[in-house]
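[1] fold the following for me, if possible:
(one chain, ligands or ions: 3)
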Amino acid sequence: MAPSGTAAGAVREDRLWQRHVDMAKLGGTPKGGVNRQALSAEDVAARNQLMAWARARGFSIFADAIGNLFVRREGTDAGTLPVMSGSHMDSQPTGGRFDGMYGVLAAFEALEALEDAGIRTKRPVLAVAWTNEEGSRFQPGAMGSAVFAGHNRLDEMLLVKDWKGVVLGDALAETLKAAPSPLREGQPGFALDGYVEAHIEQGPRLEHERTTIGVVTAIQGSRRYIVDIAGEEAHAGTTPRAARKDAYHAATRIASAMYAATTDADDTLRFTIGRVDVLPGSPNTVPGRATFTIDMRHPSDAVLETHEAKLRAIVGDTAAPCAATIERVTAVPPTVFDPDVVDLVRSTARTLGLTNMDMPSGAGHDAMHIARLCPTGMIFVPCERGISHNEIENATPADLAAGARVLVEVLTALANR
Ligand code: GLV
Ligand code: MN
Ligand code: MN
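    Ligands and ions are numbered 1, 2, ... in the order given. Next up is the predicted model:
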């Protein structure tokens, strides 16, 4: 337990847990998870909820032109750059209640704990909810932080369409209208002195090692692609095999070859086909078009590069008699976090008497983009059986609070540098 009078001592486990319960109602699903995809009505509801809590505490609020939502607690030294913490409030279609939301609520809990403990920091401390981290509706993911950091262009992202053809700029305009707040004009992004993101681990290691805090050292590189296969519609009952240009059949050949080419001996390379669309989607018409997504990750960019070349060759060699293309949607190189911030997370966990271990992140996070702007680190807490991107994702109130205690102490130290 952290001593009273300290920022960590002012973290309230019950309040942090209740905020998760309240947020889980917004887009809540029958199995206890959430479907709160980016820029949906449920996302708007979560934004409004966060803003209501922020207003009640007297913090200022603003959004930028990609919809990133910021909550600001002033520092004592007006001329200093802020430190920031946060994550995302959007979810997968069958998402859990902690992925992303924990990082936002832990950051907000840090602001509240500082307020309750009456601690003034030299620098302002900001909590942020980044727009569209998941990338399940609009690609690429981690979009809000990518635009903030200059990795992607705002004007290009505003033109991105979701799977139903809705243009992101239109959905964003609706979102910002429904969640009114002072809007910063122009390109998002401002200078920061430091950034720390709290997140559930989304993997099994902490639980397995009976360890409370993951000191995150790095994030593996990731790339996403869309494979588009053009065939020819034909009658399912009458058309002989030899006369068919079956787009789905070609997709299965391409996919099988890709699975084989991305299987490595030590199971480090991650390769996922997560979405397949087959058109026209009629049982008795040979498919004329098939598209599928690829998500590929590895700690080494060189390995990703080698495997991208293999995927491209497979598409070229395997599609006939159909025609196929592969388009890279996004590439984020591996991230190594700032050694000083990593040390600070580790030493803070130790000081608070929390078991901790260094670990890289298999999942992507907004921190990977912000790390290119300022000294950045991350804090992981365990989640049940490592299950995530699943409605049954779970974590304990005690672990969430422990992560928030580390977070507020780290932010305080950074904000007084
Ligand atoms: C984030 O959800 C990721 O896909 O890593
Ligand atoms: Mn996340
Ligand atoms: Mn996620």
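[2] does the spatially most central residue of the chain belong to a helix, a strand or coil?
    Centrality entry for the chain: nearest residue to the mean C-alpha point is Glu133, 3.7 Å, by C-alpha atoms, centre = their mean. With DSSP: H, G, I helix; E, B strand; the rest coil as the basis, Glu133 sits in coil.
[3] what does Gly377 give?
    Classification of Gly377 using three-state DSSP returns strand.
[4] okay, and the beta partners of it?
    Val196 (DSSP bridges).
[5] list the contacts for it?
    Tyr195, Val196, Glu197, Val216, Phe337, Asp338, Val341, Val342, Leu344, Val345, Ala367, Val410 (C-beta atoms under 8 Å, 6 or more residues apart in numbering). From N, CA and C alone the C-beta is placed, and that goes for glycine too.
[6] most neighbours of all the residues you listed, which one?
    Glu197 (33 neighbours; other C-beta atoms under 10 Å).
[7] what separation is there between the nearest residue to that residue once chain neighbours are set aside and ligand 1?
    Ranked by C-beta to C-beta, 6 or more residues apart in numbering and with sequence neighbours excluded, the top spatial neighbour of Glu197 is Ala367, at 4.2 Å. Distance, Ala367 to ligand 1, using C-beta to the nearest ligand atom, to the nearest Å: 11 Å.
[8] Thr335 is in contact with Ala367, correct?
    Yes: with contact defined as C-beta atoms under 8 Å, Ala367 and Thr335 form a contacting pair (7.3 Å).
[9] which SS class is the residue located most distally from the centre of the chain?
    Most distant from the centre of the chain: Thr238, at 47.2 Å, with distances by C-alpha atoms, centre = their mean. Classification of Thr238 using three-state DSSP returns coil.
[10] since we're on Pro204, how many residues are nearby?
    14.
[11] look at the residue lying closest to it once chain neighbours are set aside and report its pLDDT.
    Nearest residue to Pro204 in three dimensions, chain neighbours excluded: Gly386, at 3.1 Å (C-beta to C-beta, 6+ apart). We have a pLDDT of 97 for Gly386.
[12] what segments of this protein are helices?
    13-24, 41-56, 101-117, 143-148, 154-158, 168-178, 205-208, 247-261, 301-318, 339-351, 367-370, 397-415 (DSSP state H).
[13] on that earlier part again, out of the contacts of Gly377, which one sits closest to ligand 2?
    Glu197 (9.0 Å; C-beta to the ion).
[14] can you give me the separation between that closest one and Gly316?
    39 Å (C-beta to C-beta, to the nearest Å).
[15] run a quick neighbour tally on whichever residue of the stretch 301-417 of the chain sits closest to ligand 2.
    Closest contact between the stretch 301-417 of the chain and ligand 2, by C-beta to the ion, is at His365 (6.0 Å). By other C-beta under 10 Å, the residues close to His365 number 28.
[16] ok, now which ones touch it?
    Contacts for His365 (C-beta under 8 Å, 6+ apart) come out as Ser87, Glu133, Ala142, Glu197, His199, Ile219, Met378.
[17] who wins for neighbours among those?
    Most neighbours among the contacts of His365, by other C-beta under 10 Å: Glu197, with 33 neighbours.
[18] circling back to that earlier point, what pLDDT does the model give the residue of the stretch 301-417 of the chain closest to ligand 2?
    pLDDT at His365 comes out at 98.
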